[in-house]
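Chemist: Sequence and predicted structure below; questions after.
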Amino acid sequence: MGHDKLRKFAENETFSCLLQPSAQELLADGYFHLRDHAVKGHWAQFFAGLRYSQIADVAGDCFERSEVGISRPARSRDFAESKVGKGLEGRRGLGGYAPVSEGSRTGTVLELGCGKGEYTVALAERDLERNYVGVDIKGARLWKGAKYATEHRLPNVAFLRTRVEFITAFFAPGEVSEVWLTFSDPQYRSENSRLCSPLFLERYRSFMRPGGIVHLKTDSRFLHEYALAVCRANNLQILCNTVDLYGQQVDVQPVVREVQTFYEQLFLEQGYPITYLSFVIDHEGAYVSPRDPEDFDAKAWRAAEGPRLLFGHDSAETRRQKLHAGGQGE
């Protein structure tokens, strides 16, 4: 492991906006019986703690830590009645955020597989009225977003280092209003590993509010068509569907085009179209998979994906296609 990774891991421990739960504790009762983390059902308090901690940087107040994060001032006096608290009431600027009550926001927004967190941060900077959580398993990647959020005192950004499969251990029913899937791995061989599969939709539904929205932005036509087939198989309300976000005239929120991930910019430069699909998660009963090949021809869309380069090199799927075309099998 490189020294730079070790440095980032050490610095991650100092970021109040970054939660790094123990997988061992979550799995103490087995994979199918995950233990709930302390933050589940308490994200409003967690973000209120972030605001208090930012005020503390200015006011010098003392704060306590808990499993959920930084808590209210440890001193007995009510911060809201203090000179500093009153002076910061309602301000919007660096270091100037008053605590927000649990019911005053419209639900947390998640980005799953957020990488370096640039998309999570950009969304949060454009919408101070909601809280945003970026989720990824790679600590060295999360370091960049967490450092930026810390240095810029962003009051509505947090990061969670965990596997996406464990997501239900962190969010209670009704805590989440939107889920963003940005350039997720298409998972050509494993349907249950796709972040828009019925298995994952069941997980999202367990903590999303009625009318909750899933956004899928990807360069993979395979993944886009699969998600679209899932929506149709389950009669989900489709809000937007385009196979060329920047080439077609479709009505989307400005942020969908304005915010681009590192990989999105990379694929655009290489001439690959970016697809976008958004849909409402509401559904009665269990989600079902699209029939293959009647509803979604996995083999055909996998073949249509076409070769592509990543950082000047063949991707794993491109190498597989070349081997298959050469008669060497998969």
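Modeler: That came in fine, so what should we check first?

Chemist: contacts and neighbour counts: CA atoms only from here.
Modeler: OK.

Chemist: So in this structure, where's the weakest helix or strand by average pLDDT?
Modeler: One helix or strand of the chain scores below all others by mean pLDDT, DSSP states H and E: helix 83-88, with a mean of 35.

Chemist: and the helix or strand that that helix is followed by, what's its mean pLDDT?
Modeler: Sequence order places strand 108-112 as the next helix or strand after helix 83-88, per DSSP states H and E. Summarised as a single mean, pLDDT over strand 108-112 is 98.

Chemist: partners of strand 108-112, with directions?
Modeler: strand 132-136 (parallel), strand 176-182 (parallel) (DSSP bridges).

Chemist: CA atoms of the longest one as CSV?
Modeler: This means strand 176-182. In CSV, the C-alpha atoms belonging to strand 176-182 read as follows (Å, rounded to 0.1, in the frame of the first residue of the first chain):
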residue,chain,number,x,y,z
VAL,A,176,-34.4,9.0,1.9
SER,A,177,-36.1,10.8,-1.0
GLU,A,178,-33.8,10.2,-3.9
VAL,A,179,-31.1,7.7,-5.0
TRP,A,180,-28.5,8.5,-7.6
LEU,A,181,-26.6,5.8,-9.5
THR,A,182,-23.8,7.5,-11.4
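
Chemist: Now tell me what touches it from outside.
Modeler: Contacts with strand 176-182, where a contact means C-alpha atoms under 8 Å, 6 or more residues apart in numbering, come from 106-114, 195, 207-209, 211-218, 261.

Chemist: Run the angle between the helix or strand that it is followed by and strand 176-182 for me.
Modeler: In the C-terminal direction, the helix or strand that comes right after strand 176-182 (DSSP H and E) is helix 198-205. Interaxial angle, helix 198-205 versus strand 176-182 (axes from the mean of the first three to the mean of the last three C-alpha atoms, to 10 degrees): 140 degrees.

Chemist: From the chain's centroid, how far away is helix 198-205?
Modeler: Computed by C-alpha atoms, centre = their mean, to the nearest Å, the chain-centroid distance of helix 198-205 equals 15 Å.

Chemist: avg pLDDT for it?
Modeler: pLDDT averaged over helix 198-205 gives 98.

Chemist: residues in contact with that helix?
Modeler: For helix 198-205, contacts defined as C-alpha under 8 Å, 6+ apart pick out 167-168, 192, 194-195, 230, 281-282, 286-289.

Chemist: Just the C-alpha atoms of it, please, in PDB.
Modeler: This file holds the C-alpha atoms of helix 198-205, laid out as PDB (Å, rounded to 0.1, in the frame of the first residue of the first chain):
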ATOM      1  CA  PRO A 198     -35.100  -5.900  -8.200                       C
ATOM      2  CA  LEU A 199     -32.900  -7.000  -5.300                       C
ATOM      3  CA  PHE A 200     -31.500  -3.500  -4.900                       C
ATOM      4  CA  LEU A 201     -34.900  -1.800  -5.500                       C
ATOM      5  CA  GLU A 202     -36.300  -3.800  -2.600                       C
ATOM      6  CA  ARG A 203     -33.500  -2.400  -0.400                       C
ATOM      7  CA  TYR A 204     -34.100   1.100  -1.500                       C
ATOM      8  CA  ARG A 205     -37.800   0.900  -1.000                       C
END
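
Chemist: Would you tell me what the next helix or strand after it is?
Modeler: Heading C-terminal from helix 198-205 (DSSP H and E), you reach strand 208-218.

Chemist: Quick check: I238 vs L123, distance?
Modeler: Per C-alpha to C-alpha, to the nearest Å, I238 is found 22 Å from L123.

Chemist: So those two - more neighbours on which side?
Modeler: Higher neighbour count among I238 and L123: L123, with 20 against 16, using other C-alpha atoms under 10 Å.

Chemist: doesn't that one fall inside a helix?
Modeler: Yes: assignment of L123 by DSSP: H, G, I helix; E, B strand; the rest coil places it within a helix.

Chemist: pLDDT below threshold where in the protein?
Modeler: 1-3, 55-105, 307-330 (pLDDT under 70).

Chemist: how about the strands in it?
Modeler: With strands called from DSSP state E, the chain shows them at 18-19, 63-66, 69-73, 108-112, 132-136, 157-161, 176-182, 208-218, 238-242, 275-280, 309-310, 313-314.

Chemist: how about those, which one is nearest A44?
Modeler: strand 108-112 (8.7 Å; C-alpha to C-alpha).
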